[in-house]
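Asks: missing the sequence, but the structure's below:
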């Protein structure tokens, strides 16, 4: 399996955490994922091309980018919406039953509530990944807009883009947001925002060398 595909599968597993009707909230362009049981059906995706054994990629009629990877342990599915910052991510058991599902920001961090199921289809866990972040993603977007920091909607397959991440900062011993963008063509500026208040608590710079 190619390194990218392995990382893709690992991301889906470590967020611990398809129907044709995946939908999006109009205001935030955030895909809606429900706690409903579902089963994988390859026949729903005849438009996908098999790039290599058990790896399928392609665009649907709405120009959303879909990647499906099959392995002995199960199936991973990612749908990147062409007008959203988010992707729907799902993992299915080898029997086709849903295992975990939720949304992620450009495959960077898990967003909103993720759902986990037993192999026989029972909902066994719900995790709200937004709970530790009182300073919301929408407020981070406002921060970027105010600072004229560009953000890319839709599938990101390469190039230079602003990155947003969040998590526990070991040095600060608190949850934070990270916003990294190209202040100059060779300089990356990273803002560290307090997850409670949104206050900028650190600012870092790193050199970018394009090989």
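Replies: Done, it's in. A quick note: this is a predicted structure, and the numbers were derived from the prediction, not measured.
Asks: just give the closest residue to residue 134, not the sequence neighbours.
Replies: Using Cβ to Cβ, 6 or more residues apart in numbering and skipping the chain neighbours, the partner closest in space to residue 134 is residue 196 (5.1 Å). Glycine gets a C-beta too; all of them are placed from N, C-alpha and C.
Asks: helix, strand or coil for the one you found?
Replies: When classified by DSSP: H, G, I helix; E, B strand; the rest coil, residue 196 comes out as coil.
Asks: that one and residue 89, how far apart?
Replies: 27 Å (Cβ to Cβ, to the nearest Å).
Asks: who's more crowded, the two?
Replies: A side-by-side neighbour count of residue 196 and residue 89, using other Cβ atoms under 10 Å, places residue 89 first with 27 against 13.
Asks: what helix or strand is the more buried one located in?
Replies: In this assignment (DSSP states H and E), residue 89 forms part of strand 86-93.
Asks: next one: residue 134
Replies: Applying DSSP H and E, one finds residue 134 in no helix or strand.
Asks: surely it is in contact with residue 195?
Replies: Yes. With contact defined as Cβ atoms under 8 Å, residue 134 reaches residue 195; the gap is 6.8 Å.
Asks: when those two are compared, which one has more neighbours?
Replies: Applying other Cβ under 10 Å to residue 134 and residue 195 shows that residue 195 carries more neighbours, namely 19 against 13.
Asks: need the pLDDT of the more buried one.
Replies: Note on residue 195: pLDDT of 98.
Asks: and for residue 164?
Replies: Note on residue 164: pLDDT of 95.
Asks: and if you look at the one 3 residues further on?
Replies: Looking at residue 167, its pLDDT reads 96.
Asks: which helices and strands sit right next to the top strand by length along the chain?
Replies: Criterion DSSP state E: the longest strand present in the chain is strand 174-184. The contact analysis (3 or more Cβ pairs under 8 Å, 6 or more residues apart in numbering; DSSP states H and E) places strand 174-184 against helix 137-146, strand 163-169, strand 187-194.
Asks: residues of stretch 130-148 that come out buried?
Replies: Buried residues in stretch 130-148, counting neighbours by 16 or more other Cβ atoms under 10 Å, are found at 133, 135, 137, 140, 143-144.
Asks: quick one: which of these is nearest to residue 126?
Replies: residue 133 (17.0 Å; Cβ to Cβ).
Asks: residues touching the closest one, list them.
Replies: Residue 133 makes contacts with 166, 175, 177, 195, as judged by Cβ atoms under 8 Å, 6 or more residues apart in numbering.
Asks: wait, what's in contact with the second one?
Replies: Okay, so that is residue 175. Residues near residue 175 by Cβ under 8 Å, 6+ apart: 132-133, 166-169, 195-196.
Asks: what's the weakest-modelled helix or strand in this structure?
Replies: helix 3-14 (a mean of 47; mean pLDDT, DSSP states H and E).
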